[in-house]
Every structure is written in structure tokens, then in C-alpha cells.
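Engineer: the following block contains a protein sequence and its predicted model.
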Amino acid sequence: MADPAAVPPFKMLSASMRVDALISDWRAELPPELAQEEKERRLYEQAWNAYFEGDYGFGLWCWHECDRLANALGGSVRDANRVLGPGHYFGFSHRRAVAERVPTEKIYRPRKGDMSTPRTDALVLPTYQVLCVYLVRAEGGDAKAKAQLQIALGELEDRRRADPYLRHFETFRSLLERQRGRDTAGARPPAGSAPAP
């Protein structure tokens, strides 16, 4: 399997409505005689290219598409990779970079009984992606994101059985903790050295 590509530089983050409209157009352009896996691969590749041009809104779509495929294929990342093509899996480094850039004020969070539709500039994200965004922001010292994460985690147990995507948040959280552990271990002074004044 090819190594995953480096994270592209950020240029913009398109709202969900624009991303969904373009994905629909691209899906309509696919020849109907193509096999389903080939359709998935071509559609994903177009979104992947848009993400690599710096549009992290398409990165959010690729992220969810990887997880949707993995769930559909019995949790097999290897099979998802086979469908997406080598080097196209939306891995942890991509997820973290995109989560850092998501403007939390633009995330559409419907309230109970809310009948309104999202604004055209809103980001409509699955719960597990919102949790990942809060987690990254909380790690960076954002007190509001930390509070929102704590509230959301309080409801997590009830939702775990109903939402198959929540395990992707838990994987993201454990990878973030592992990376933090490596970063702090690398910053530790050598044994026997005198403490800094």
C-alpha cells in the first residue's frame, strides 16, 4: 500500500451545501455502466483532488466517506483502501489538520424541536466529527470547546449503541493522546541532568 500523502496547505473551507452540490454534479456525470466500486473511487478522487487544492470542506467529506466505507465493509480499513485507491485514505494527520481549521461557530447544531434549515454557509457535520473538532480545540486550550466536549461526552454512552460512527471519534481521541504522549516524551530532559533554573 502506498504511503499516505502529506497534508495539503489550507486555503479555504467550503460550506457543506457547496460541497454537496458539487459532489451531486460529479456523481451525475459518472457513466452509469461503471461498477459501483469504480464510481466510488472516481467520486472520491475528485473530492480528494479538491481537498488537495486546499479546500478543507472537501476534506470533511473525504473523512466521512472513508468512515462510511469502512463501516460498510465490516470495519476493514484495508478494503476501504482498496476501493479508494492506494494512498488516498484520509488518515489521522489529515483529520487533525482539518479539525483544527473547522470554525466551530459555523457548525450547524439543530436544537430539539428545531424546524429551521442550515444557513448556506453552515457546516453540517456528523456528531463524531464535531466531537473530534471539539477535542482538537480543547487540546489547544480553548475553554469553550472543552466545556462543549464535556457536555457532548456526557451524552456519549446513550448514543454509542445507536451511532456506528462514534467509534471513529474514539480512535481519533486515542491517536491524539498517543501523539501527545510521544511529544511530551521527546521534550523530557535527559536522565541525570540538572533542572533548569
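Structural biologist: Structure received.
Engineer: ok, and the helix or strand in the protein with the lowest average confidence?
Structural biologist: Least confident helix or strand, the chain: helix 156-160 with a mean of 70, by mean pLDDT, DSSP states H and E.
Engineer: so what's the residue count around Val102?
Structural biologist: Look at Val102: counted by other C-beta atoms under 10 Å, it has 23 neighbours. All C-beta atoms are positioned from the backbone trio N, CA, C, and that covers glycine.
Engineer: C-terminal to the least confident helix or strand of the chain, what's the next element?
Structural biologist: Moving toward the C-terminus from helix 156-160, the next helix or strand (DSSP states H and E) is helix 166-186.
Engineer: now do that following helix: distance to the chain's middle.
Structural biologist: Mean C-alpha position of helix 166-186 versus that of the full chain (C-alpha atoms, centre = their mean, to the nearest Å) differs by 14 Å.
Engineer: buried residues in it?
Structural biologist: Across helix 166-186, burial judged by 16 or more other C-beta atoms under 10 Å covers Leu166, His168, Phe169, Phe172, Arg173, Leu176.
Engineer: closest one of those residues to Glu29?
Structural biologist: Sorting those by distance to Glu29 puts His168 at the head of the list, at 29.3 Å, by C-beta to C-beta.
Engineer: find the nearest non-adjacent residue to that closest one, please.
Structural biologist: What sits nearest to His168 in space, not counting adjacent residues and going by C-beta to C-beta, 6 or more residues apart in numbering, is Asp67, at 4.8 Å.
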